[in-house]
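> What would the 3D arrangement of this be:
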Amino acid sequence: MTDAMRPVTETVRVTLDLPADLMEAVDAIIRDGGAASREDRVVAAIERELNARRRRAEIDAAIAEMANDEALQREAQQLDAEYVQSGWEALLLYMREIGA
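Purely as a prediction, here's the structure:
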C-alpha cells in the first residue's frame with residue numbers, strides 16, 4: 001500500500017538498528033526512484049509480512065475446516081483407494097530401475 005493509499009493513523013517514532021548492507025540496498029532503491037523514503041520501505045516490508053501471516057492463517061483455517069468436511073474426506077478416501085495400486089506399480093518400476 002502506498003502512502004497515498006494508507007489511511008491516516010497515529011504514528012509512533014522508533015529507532016532501528018539495521019545491517020549496513022540492507023540500508024545501502026534501500027538507499028539505492030530510493031536513488032533509483034523505487035521508493036520515496038526509508039520509512040516507506042520499512043512500512044511496506046512490515047505490511048507485507050503482516051499480510052503474509054494473515055493469509056497463512058486463513059489458509060491454515062481452511063485446511064483445518066477440510067478435516068471436518070465429510071464429503072471431502074469420502075472423496076479423498078475414494079481417490080486413495082483408486083490410486084493405491086498405481087502407487088505400488090510406480091514404486092516397483094522405480095525399484096527395478098535402480099536395481100533394488
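> For the rest of this, base every contact and every neighbour count on C-alpha atoms.
Noted.
> Strands of the chain, start to end?
Using DSSP state E, the chain contains no strands.
> Break it down into its structural domains.
1-68, 70-100 (automatic domain parsing).
> With mean pLDDT as added columns, please give those in TSV.
Formatted as TSV, the domains of the chain follow (pLDDT from 0 to 100):
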stretch	mean pLDDT
domain 1-68	91
domain 70-100	90
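> need the helices for the chain, in chain order.
Taking DSSP state H as the criterion, the chain carries its helices at 20-31, 38-66, 70-98.
> residues in contact with Ala90?
Ala90 makes no contacts at all, as judged by Cα atoms under 8 Å, 6 or more residues apart in numbering.
> gap between it and Ile63?
28 Å (Cα to Cα, to the nearest Å).
> cool, and Ala76?
14 Å.
> likewise Leu72?
11 Å.
> Arg41 now?
From Arg41 to Ile63 the distance is 33 Å (Cα to Cα).
> quick one: which of the two has more around it?
Arg41 (18 against 11; other Cα atoms under 10 Å).
> Once you drop chain neighbours, what's closest to the more buried one?
What sits nearest to Arg41 in space, not counting adjacent residues and going by Cα to Cα, 6 or more residues apart in numbering, is Ala35, at 6.8 Å.
> Equivalent analysis for Leu72, please.
Met66 (7.0 Å).
> Go ahead and flag the most central residue of this protein.
Ala52 (5.5 Å; Cα atoms, centre = their mean).
> what's near enough to touch it?
With Cα under 8 Å, 6+ apart, Ala52 has no contacts at all.
> measure it to Met66 for me?
21 Å.
> what's the answer for Glu24, then?
Counting by Cα to Cα - Glu24 and Met66 are separated by 46 Å.
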